[in-house]
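Visitor: here is a sequence together with a model predicted from it:
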Amino acid sequence: MSGKTDLIFGNLDWTVTPYTDLLEHVNSSTIVGAGAASMMVLGGIAVVVLLTWMRWWGPLYRDWLTSPDAKKIGIMYVVLALVMMARGIIEGFVIRSHQATALGTLAQPESGLVAPDHFAQLFSTHGTIMIFFVAMPLLTGLINFVLPQQLGARDMAFPVLNQVSLGLTASGAGLVMISLLVGQFGTGGWTMYPSYAGKGFSPGEGVDYWIWAILISGMGSTLTGMNFAVTIFKKRAPGMQLMHMPLFCWTSLCVAIMLIYAMPALTVSSGMLALDRYAGFHFFTNEAGGNLMNYANIFWMFGHPEVYILILPAFGVFSEISATYSGKRLYGYTSLVIASMSIAVISFTVWLHHFFTMGQSAGVNIAFGIATMIIGVPTGVKIYDWMATLWRGRLRITAPVVYLTGFFLLFVIGGLSGIILANPSIDFQVHNSTFLVAHFHNVIIPGVLYGMLAGIHYWFPKAFGFRLSETWGRRTAFLFVGGFVFTFMPLYVLGLMGMPRRSPTFQNPDFLPWMYIAAFGGVLMLCALASLCWTFWSSYRHRVALAVPGGDPWNGSTLEWSTPAPVPEWTFPRIPHVSKRNDWGETKRAGDPWKGPETYTDIELPAHTALGLLIAGASAVLGFAMVWHIWWLAAFCALAIPGLIVLRGMRVVEPKIIPAAEVEEADRRFRQQVANLAPASRADEETVRNRGVPDISEFAG
């Protein structure tokens, strides 16, 4: 970057690509950077070629990108998250590989696979991607797909807003991805603390990429929270009281409320940082009347509720699979509801434990330390309830149950290390060490990633009409569990030995054996990623044998299992009337669960629209233009976004009508197919005999 702002191209010039760095300095760091950029470019070209070769552009646009259907939006969220997860895991592997080769000496203090600045970018992008563009889209996608079905609704309360939210999230992810090829990312970690992230210390485009990715995607998450909350309060099936909702719906409600109240804090802190950098404000500059601690307080008012925003949907998934795969009712339903709501409330009272070491009074630290310990109580209640659900159940060791078992073993360790860190005096000793890195991953990976992967495996048949391979699913789960143990457990030891986090090098040779073990764990995580990809591909290849057109492959008890697989666009031929908790299970117990409605009516669905796609494009270009100071383009996009919304509001949009005759034909065909399929026992669930029609005489849920 030349440093001169051009009227047309802003700060863009030909020196901002990693290939320029490679031409100037050929070393392992520049090779890794250019290789990563090349992978992104080649991957994009491959996708374009595939879509063109298979003539999928039309169906992609008509059936997916312009669809307001929450089920398809949920699937697209998950696909986005899995793509970003691939980059995040690869970056994590590079980080571990670097640290395994980073032993320095007095003569050569800096060594390793990548340069220190490159290493700082890696841990910044890794954290940003895994929190905001893997975990958040995974949970949002799963809720989008499952929530309306479990509530007995056909869609979200605001279908088009849902589409816009997806577009904003994808725009933020796109900005992070393009930083691989154009310019550099910030080096201040996923929190981007000032003053380091201020213009004085980080004058380039790196921090700006983070700011605009977070501002744009954060707006989408806020709107999503509003959509979820209104859907739960207003779109429940007739007769479904709040205490009739499945636990996944309750955790989704908690997430919705927390998104509404927590995400604005992130937007405010990021916006203030942007004003500091772009407009010369000094919100966080102590010598100019600002206060650096204001950023820490505002950011972590979002940051700690965010941990539970990520974890609570996984808790909902574990509630569903523990009951379904043990063939029992969920133990302690009411206590689980109370525990979920308690976590949602208490999570807003513990933010300050993230900066115990920053100079607060002892009294303040004690108060927040006690609150941090208290929040472990409702979490413990949940674990005991799930264990009681599994106790003496007819448990099937499926891939989701492997993830659940890994969660039990590892999350409890992470929780205990969190209780240790809740003591301010202990936290002061290990706060800036890899002990904290181990604790954070010990909570997030078993508590979020395992839950989301278990949920994908569990509900995949409902989305695509065929089961995922149990053999490869279990192998993937074991690799993720083993990869975590080898990657992060050594970091506890290294932290206690004094290894600082975020350090690109070290001079203590005693660290090396533990670094090698962590690097081996990184290899296992790469293998887990490859195994996950192979699970999808292998299952697709054998989709005929794995097909479950009956729609209920696990003998479930909630409403989503009463529909075909894949579930039709209208979901339910008639909105069900709910009289009990786990209404589909109670209908099975009555003996005639697949009896169709007596009459059918036309179904009204929201019309397809390109609004979300257009706003996504305008938002991505706006963010890119602001990063590179292309002011004319930024102004155009800033006007285009509200202009698109106004134009949408001025149009009369006719809904899509599905005729009653079409609904009746499809529904009767499904019910006739169910009648012709042989019921599968629990022992047959992993075999080709499982066609999605369970033996209801075995149902105990």
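Guide: Arrived safely, thanks for sending.

Visitor: so how far is residue 365 from residue 496?
Guide: Relative to residue 365, residue 496 is positioned 21 Å away (C-beta to C-beta, to the nearest Å). Every C-beta, even on glycine, is put in place using the N, C-alpha and C of the backbone.

Visitor: who has more neighbours out of these two?
Guide: Set residue 496 next to residue 365 and count neighbours by other C-beta atoms under 10 Å: residue 365 wins out with 22 against 14.

Visitor: contact partners of stretch 642-660?
Guide: 160, 569-570, 600-609, 611, 614-615, 618 (C-beta atoms under 8 Å, 6 or more residues apart in numbering).

Visitor: one more time with 7 Å, if that's ok
Guide: With C-beta atoms under 7 Å, 6 or more residues apart in numbering as the contact definition, stretch 642-660 has outside contacts at 570, 600-607, 611, 614-615, 618.

Visitor: how about TSV for these, with pLDDT, distance to residue 311 and neighbour count added?
Guide: Below are the contacts of stretch 642-660 laid out as TSV (pLDDT from 0 to 100; distance: C-beta to C-beta, whole Å; neighbours: other C-beta atoms under 10 Å):
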residue	pLDDT	distance to residue 311	neighbour count
570	94	33	20
600	92	41	20
601	93	41	13
602	94	42	11
603	94	36	22
604	94	37	13
605	94	33	18
606	94	32	20
607	94	36	14
611	95	32	21
614	96	34	19
615	97	30	24
618	97	33	21
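
Visitor: tell me which of the residues you listed fall in helices.
Guide: Among the contacts of stretch 642-660, DSSP state H puts 611, 614-615, 618 in helices.

Visitor: which among the residues you listed gets closest to residue 132?
Guide: Distance to residue 132 across the ones in helices among the contacts of stretch 642-660 (C-beta to C-beta) is lowest for residue 615, with 18.6 Å.

Visitor: tell me who's in contact with that closest one.
Guide: So residue 615 contacts 164, 167, 641, 644 (C-beta under 7 Å, 6+ apart).

Visitor: surely residue 368 and residue 350 touch.
Guide: Yes: Residue 368 is within contact range of residue 350, at 6.0 Å (criterion: C-beta atoms under 7 Å).

Visitor: biggest helix in this structure by residues?
Guide: From DSSP H, the single longest helix across the chain is helix 292-326.

Visitor: mind listing what's buried in that one?
Guide: 292, 295-326 (16 or more other C-beta atoms under 10 Å).

Visitor: angle of the helix or strand just after it against helix 292-326?
Guide: Sequence-wise, the next helix or strand downstream of helix 292-326 (DSSP states H and E) is helix 333-346. Angle of helix 333-346 versus helix 292-326, following axes from the mean of the first three to the mean of the last three C-alpha atoms, to 10 degrees, is 170 degrees.

Visitor: can you pull the pLDDT of the residue positioned nearest the centre of the chain?
Guide: Nearest to the geometric centre of the chain sits residue 135, at 2.1 Å (C-alpha atoms, centre = their mean). Residue 135 carries a pLDDT value of 95.

Visitor: picking that back up, out of the ones in helices among the contacts of stretch 642-660, who's nearest residue 54?
Guide: residue 614 (25.0 Å).

Visitor: look up how far residue 640 lies from the closest one.
Guide: 8 Å.

Visitor: repeat that for residue 189.
Guide: 33 Å.

Visitor: and what of residue 30?
Guide: Per C-beta to C-beta, residue 30 is found 37 Å from residue 640.

Visitor: neighbour count winner among those two?
Guide: A count of neighbours by other C-beta under 10 Å puts residue 30 above the other of residue 30 and residue 640, at 20 against 17.

Visitor: ok, that one touching residue 21?
Guide: Yes: Residue 30 is within contact range of residue 21, at 4.8 Å (criterion: C-beta under 7 Å).

Visitor: from the ones in helices among the contacts of stretch 642-660, which is closest to residue 479?
Guide: Closest to residue 479, out of all of those and judged by C-beta to C-beta, is residue 615, at 38.5 Å.

Visitor: low-confidence regions, this protein specifically.
Guide: Low-confidence segments of the chain (pLDDT under 70): 1-4, 106, 699-701.

Visitor: which residues of it fall in strands?
Guide: 603-605, 656-658 (DSSP state E).

Visitor: possible to save those strands as JSON lines with distance to residue 527?
Guide: Output for the strands of the chain, formatted as JSON lines (distance: least, C-beta to C-beta, whole Å):
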{"stretch": "strand 603-605", "distance to residue 527": "43"}
{"stretch": "strand 656-658", "distance to residue 527": "45"}
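
Visitor: okay, now residue 193: neighbour count?
Guide: Count around residue 193 with other C-beta under 10 Å applied: 16.

Visitor: who's in contact with it?
Guide: Each residue near residue 193 by C-beta under 7 Å, 6+ apart is listed here: residue 295.

Visitor: need phi/psi at it.
Guide: phi -60, psi 130 (degrees, to the nearest 10).

Visitor: any idea how far residue 603 lies from residue 667?
Guide: Distance of residue 603 to residue 667, given as C-beta to C-beta: 11 Å.

Visitor: just to revisit the earlier point, among the contacts of residue 615, who's most crowded?
Guide: With neighbours defined as other C-beta under 10 Å, the most crowded of these is residue 164; it has 28 neighbours.

Visitor: isn't it right up against residue 612?
Guide: Yes: in this structure, residue 164 is within contact of residue 612 by C-beta under 7 Å, at 4.7 Å.

Visitor: so how many other residues sit close to the nearest residue to residue 456 once chain neighbours are set aside?
Guide: In this structure, residue 456 finds its nearest non-sequential neighbour in residue 78, 6.6 Å apart by C-beta to C-beta, 6 or more residues apart in numbering. Neighbourhood size, residue 78 [other C-beta under 10 Å]: 24.

Visitor: then the one 4 residues further on?
Guide: Residue crowding around residue 82 was assessed by other C-beta under 10 Å; the count is 20.

Visitor: what do you get for the one 3 residues further on?
Guide: Around residue 85 there are 22 other residues, counting by other C-beta under 10 Å.

Visitor: so what's residue 198 closest to, chain neighbours aside?
Guide: In space, residue 198 is closest to residue 276, 5.9 Å off (C-beta to C-beta, 6+ apart).

Visitor: residues in contact with the one you found?
Guide: Taking C-beta under 7 Å, 6+ apart as the test, what residue 276 contacts is 194, 198, 282-284.

Visitor: can you do 10 Å?
Guide: By C-beta atoms under 10 Å, 6 or more residues apart in numbering, the contact list for residue 276 reads 194-195, 197-200, 282-285, 288, 290, 295.

Visitor: quick check: the residue nearest to residue 456 vs residue 169, distance?
Guide: Distance, residue 78 to residue 169, using C-beta to C-beta: 12 Å.

Visitor: who touches both of the two?
Guide: By C-beta under 10 Å, 6+ apart, residue 78 and residue 169 have these common neighbours: 137, 140-141.

Visitor: hang on, the earlier thing: out of the strands of the chain, which is closest to residue 396?
Guide: Smallest distance to residue 396 across these (C-beta to C-beta): 35.8 Å, for strand 603-605.

Visitor: helices and strands around the closest one, which ones?
Guide: Identification of packing neighbours for strand 603-605 by 3 or more C-beta pairs under 10 Å, 6 or more residues apart in numbering; DSSP states H and E yields strand 656-658, helix 660-676.
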